[in-house]
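Undergrad: Model the structure of this input:
(chains A and B)
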Amino acid sequence: MLTNAPRGTKDILPDSVGSWNYVEQKIRDICARFGYEEIRTPMFEHTELFHRGIGEGTDVVDKEMYTFTDRGGRSVTLRPENTASAVRAYLQNKLYGDSALTKLFYIGSMFRYDRPQAGRMREFHQFGVEALGEANPAVDAEIILLAMEFLKSLGLKDLKLSLNSVGCPSCRPAYRQALQEYFRPHLEELCGDCKDRFERSPLRILDCKADADKEFMAGAPKITDCLCDECREHFEQVQSLLTEAGVEFELDPRLVRGLDYYTKTAFEIKYAPLGAQSAVAGGGRYDGLIEEMGGNPTPAVGFATGLERVLLALEKQGLLPDARKQTDAFVVALGEAAQKPAFRLLQQLRGAGLTALMDYAGRSMKAQMKQAGKAGARFALILGEDEIKENAVMLKDMEKSQQQKVSLDEVIDQITSNR
RNA sequence: GCGGCUUUGGUGAAGUGGUUAACACACUGGAUUGUGGCUCCAGCAUGCAUGGGUUCGACCCCCAUAAGUCGCCCCA
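TA: Numbering: from 1, shown residues only, chains lettered A, B, ... in the order given. Below you'll find the model as predicted:
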């Protein structure tokens, strides 16, 4: 118990931290190229923010939040996603005053109380992007391109981009109604979950796997046939921009996002080999959210990707970077008398900007050489009685297996010029 | 939240109702006096997820709990 991390959490150990840094570096590169700036928001917020932002009735809010009362009696919640917080920060800090279009990205921990599985953690990490203040479909396309570009820059293959439009407040109600009318005669044939969904969110019935094969499903009205002129025009624009950019996608009229705030464009990127948790990225437009949270009506688009899932996909495709250690110099001290001079030399090497290590356990020379080899040291600097007397070190090139005695004043230059 | 499977040392793992729990890798030490990556030798689980129970006796049987994993659900 004491020696176990809480269920659904995981230590990121030194041997995998390199992979995380690698991915985060790609994120920062791409966001800079697309003009998105980093924002860091608190890990917890007032519970109410998520009720408002994500929506009551969603699974995330109803059954998956880490909510608790703090010592001041306030109800706070560990963020289950970052869009609500980003919008909150946007409004609170009046970022809309800086420019018409605010482009943000974030990287950080999110928390959801789910049953853990590979690719589904209770504490997990997302990278996400939000573009606030512009209704033009070019922004939808830009966001999707950014997501694809990110995944492609990592070398990932076999990704599938699905696209849909979920309409807006002026056309969705009509679609809901059309769906309900269509399903009403089949109500008894639907699965238990879908009977509940019928009233609350009939769109989700389309997404149901249990009912997917039933005959009447195929004939259900498609939202893309019910979009208002504005939404249809917008959707077509997004598609043509993506096509022009050479991005392949698949229209999926059944793609429905689980969070209430989505409007118009909805998309998802999947990597099928991940199994049940194959959605690597997902997002869309949320034109109503900012107003819902008390701001002026402001259009916005965003997406998020799960970093654990990205890392899993990288691992499956053998795309993780080499974790090989690299050390410039390993100081080998022989005998008691060499300890202090060796330590002094070690610090001089480090002071010169070199990566330098030594053993502190007073081990045999052989053992120290072994360590040097394991550390990936380019040079071993052997310091024994003779060398100390001569104010020199034995400099051994570990790759070439050659060595020569070098005076202490010259070692650093020797290493620097040869490494 | 639901159903299935799994759980042996630092790691990958073999194994049997009964006196010493294979093997490999890793690690530590050694094989000439001050030299790594190859080779050879030695050491390295009083313990088989945890807690109960059955039994003369359980790591191997039963129950519970926990964690992991697959699928559902959900989503990133």
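Undergrad: Excluding chain neighbours, what is closest to residue A:194?
TA: Nearest residue to residue A:194, sequence neighbours excluded (C-beta to C-beta, 6 or more residues apart in numbering): residue A:205, at 4.8 Å. C-beta here means a position set from N, CA and C on the backbone, and glycine is covered the same way.
Undergrad: Count the neighbours of the one you found for me.
TA: Counted with other C-beta atoms under 10 Å, the neighbours of residue A:205 add up to 25.
Undergrad: Report the secondary structure state of it.
TA: Three-state assignment for residue A:205 (DSSP: H, G, I helix; E, B strand; the rest coil): helix.
Undergrad: next one: residue A:100
TA: Three-state assignment for residue A:100 (three-state DSSP): coil.
Undergrad: what's the distance between the residue nearest to it when sequence neighbours are not counted and residue A:176?
TA: Closest residue in space to residue A:100, ignoring its immediate chain neighbours: residue A:133 at 5.4 Å, by C-beta to C-beta, 6+ apart. Distance of residue A:133 to residue A:176, given as C-beta to C-beta, to the nearest Å: 28 Å.
Undergrad: out of those two, which sits in the busier spot?
TA: Set residue A:133 next to residue A:176 and count neighbours by other C-beta under 10 Å: residue A:133 wins out with 19 against 16.
Undergrad: Kindly give the local confidence score, pLDDT, for the most far-flung residue of chain A relative to its centre.
TA: Within chain A, residue A:389 marks the point farthest from the mean C-alpha position, 56.0 Å out by C-alpha atoms, centre = their mean. Residue A:389 carries a pLDDT value of 93.
Undergrad: what do you get for residue A:212?
TA: So, for residue A:212, pLDDT stands at 69.
Undergrad: swap in residue A:258?
TA: 69.
Undergrad: Please apply the same query to residue A:416.
TA: So, for residue A:416, pLDDT stands at 93.
Undergrad: any idea how far the nearest residue to residue A:75 once chain neighbours are set aside is from residue A:234?
TA: Distances taken as C-beta to C-beta, 6+ apart put residue A:47 closest to residue A:75, at 4.2 Å, once the chain neighbours are dropped. Computed as C-beta to C-beta, the residue A:47 to residue A:234 distance reads 33 Å.
Undergrad: any idea which helix is longest in chain A?
TA: The longest helix of chain A (DSSP state H) is helix A:14-34.
Undergrad: what does it contact?
TA: The contact list for helix A:14-34, computed with C-beta atoms under 8 Å, 6 or more residues apart in numbering, reads A:12, A:37-38, A:103, A:105, A:107, A:127, A:129, A:142, A:146, A:149-150, A:153-154, A:307, A:310-311, A:314, A:320-321, A:323.
Undergrad: After it, which helix or strand is next?
TA: Elements were assigned by DSSP states H and E; along the chain past helix A:14-34, the next helix or strand is strand A:37-38.
Undergrad: the strands in the stretch 151-300 of chain A, which residues?
TA: A:160-165, A:250-251, A:263-270, A:279-285, A:300-306 (DSSP state E, counting those that start in this stretch).
Undergrad: quick one: buried residues of the helix or strand of chain A with the lowest mean pLDDT?
TA: Least confident helix or strand, chain A: helix A:192-200 with a mean of 75, by mean pLDDT, DSSP states H and E. Across helix A:192-200, burial judged by 16 or more other C-beta atoms under 10 Å covers A:194, A:197-198.
Undergrad: Just send those back as TSV, with distance to residue A:169 too.
TA: Output for the buried residues of helix A:192-200, formatted as TSV (distance: C-beta to C-beta, whole Å):
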residue	distance to residue A:169
A:194	24
A:197	20
A:198	21
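Undergrad: Could you tell me which of the contacts of helix A:14-34 belong to strands?
TA: Secondary structure from DSSP state E places A:37-38, A:103, A:105, A:107, A:127, A:129 of the contacts of helix A:14-34 in strands.
Undergrad: thinking again about what came up before, where's the residue farthest from the centre of chain A relative to residue A:382, distance?
TA: The spacing between residue A:389 and residue A:382, counted by C-beta to C-beta, is 14 Å.
Undergrad: before we move on, what about residue A:58?
TA: Taking C-beta to C-beta, one finds residue A:58 at 65 Å from residue A:382.
Undergrad: quick one, which of those two is more surrounded?
TA: Taking neighbours as other C-beta under 10 Å, residue A:58 and residue A:382 compare with residue A:382 leading, 24 against 19.
Undergrad: Listing partners with orientation, what would you give for whichever strand or helix holds the more buried one?
TA: Using DSSP H and E, residue A:382 sits within strand A:377-383. Using DSSP bridges, the strands paired with strand A:377-383 are strand A:327-333 (parallel), strand A:392-397 (antiparallel).
Undergrad: most tightly surrounded among those?
TA: Ranked by mean neighbour count under mean count of other C-beta atoms under 10 Å, the strands paired with strand A:377-383 are led by strand A:327-333, which reaches a mean of 25.
Undergrad: Dump that one to CSV, restricted to CA.
TA: This file holds the C-alpha atoms of strand A:327-333, laid out as CSV (Å, rounded to 0.1, in the frame of the first residue of the first chain):
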residue,chain,number,x,y,z
THR,A,327,29.1,11.0,-21.0
ASP,A,328,32.2,12.9,-22.0
ALA,A,329,34.5,11.8,-19.2
PHE,A,330,34.7,9.3,-16.4
VAL,A,331,37.3,9.9,-13.8
VAL,A,332,38.9,6.7,-12.5
ALA,A,333,40.6,7.3,-9.1
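Undergrad: How far off centre is the helix or strand just after that strand?
TA: On the C-terminal side of strand A:327-333, the nearest following helix or strand under DSSP H and E is helix A:339-351. With C-alpha atoms, centre = their mean, to the nearest Å as the basis, helix A:339-351 stands 41 Å off its chain's centre.
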